[in-house]
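Novice: Kindly generate the corresponding structure for this input.
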Amino acid sequence: MRWAGLNIVVFFLLVFSGEIAGQMPGYNAKPGYDATVQDVSVLQLIANPQPFDGKRVRFIGFLRLEFEGDAIYLHREDYQHQISQNALRINPPHDMTKQQQQSVNMHYVICSGLFEASKHGHMGLFAGEIKDISRLESWDRDVK
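Specialist: Numbering: from 1, shown residues only. Below you'll find the model as predicted:
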C-alpha cells in the first residue's frame, strides 16, 4: 500500500515536471516544472477570484475554442448548456498551431496562464480571463 502512494506522487511529479506532459497533445511553451504558477481549480477562480487576480495559475477544465467564445469550462456539461459563468475566457497563445488547437479543442485540458478577475471576455459573458498562456495540453484520460 505504501508503494501505491509513492507511485501516485511520482506520477504527479512527472506530469508537472514535463516528463509525461511533453508527450501530451497541445501546447507547452516551457516544458518542465514551473514554480511560478499556483495550482487551483476553475471553481476557486470563479467563486473567489480576488486572491488569484494578477497571478499565474494552473488548472484543469473543459476547453472550447470558437469565435468570440474561447473558454475553459468547469465541466463539459457547462459548455453544452451554455453556462458561461462557469467558464473562464482564454486568449490562446499566438504561436499555437492549428494542429495543436485541434488536438485540445473540445477536450479536458491543463492550462497555465495569468488570471485576470476583472476581464470577462466578449459581452462580459465569462467569470474571468486567462492570458499569457504557457501551457494548454490535453488532460483527457481513459476512464472505464
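Novice: quick check: mean pLDDT across stretch 76-92?
Specialist: For stretch 76-92, mean pLDDT is 95.
Novice: buried sites along that stretch?
Specialist: By neighbour count with 16 or more other C-beta atoms under 10 Å, stretch 76-92 contains the buried residues 78-79, 84, 86-92. C-beta: built from backbone N, CA, C; applies to glycine.
Novice: swap in stretch 101-114?
Specialist: Taking 16+ other C-beta under 10 Å as the criterion, stretch 101-114 shows 101, 103-104, 107-114 as buried.
Novice: can you redo these as JSON lines with secondary structure and distance to Pro51?
Specialist: JSON lines is the format used below for the buried residues of stretch 101-114 (DSSP: H, G, I helix; E, B strand; the rest coil; distance: C-beta to C-beta, whole Å):
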{"residue": "Gln101", "secondary structure": "helix", "distance to Pro51": "30"}
{"residue": "Ser103", "secondary structure": "helix", "distance to Pro51": "32"}
{"residue": "Val104", "secondary structure": "helix", "distance to Pro51": "27"}
{"residue": "His107", "secondary structure": "coil", "distance to Pro51": "28"}
{"residue": "Tyr108", "secondary structure": "strand", "distance to Pro51": "24"}
{"residue": "Val109", "secondary structure": "strand", "distance to Pro51": "23"}
{"residue": "Ile110", "secondary structure": "strand", "distance to Pro51": "21"}
{"residue": "Cys111", "secondary structure": "strand", "distance to Pro51": "18"}
{"residue": "Ser112", "secondary structure": "strand", "distance to Pro51": "17"}
{"residue": "Gly113", "secondary structure": "strand", "distance to Pro51": "16"}
{"residue": "Leu114", "secondary structure": "strand", "distance to Pro51": "14"}
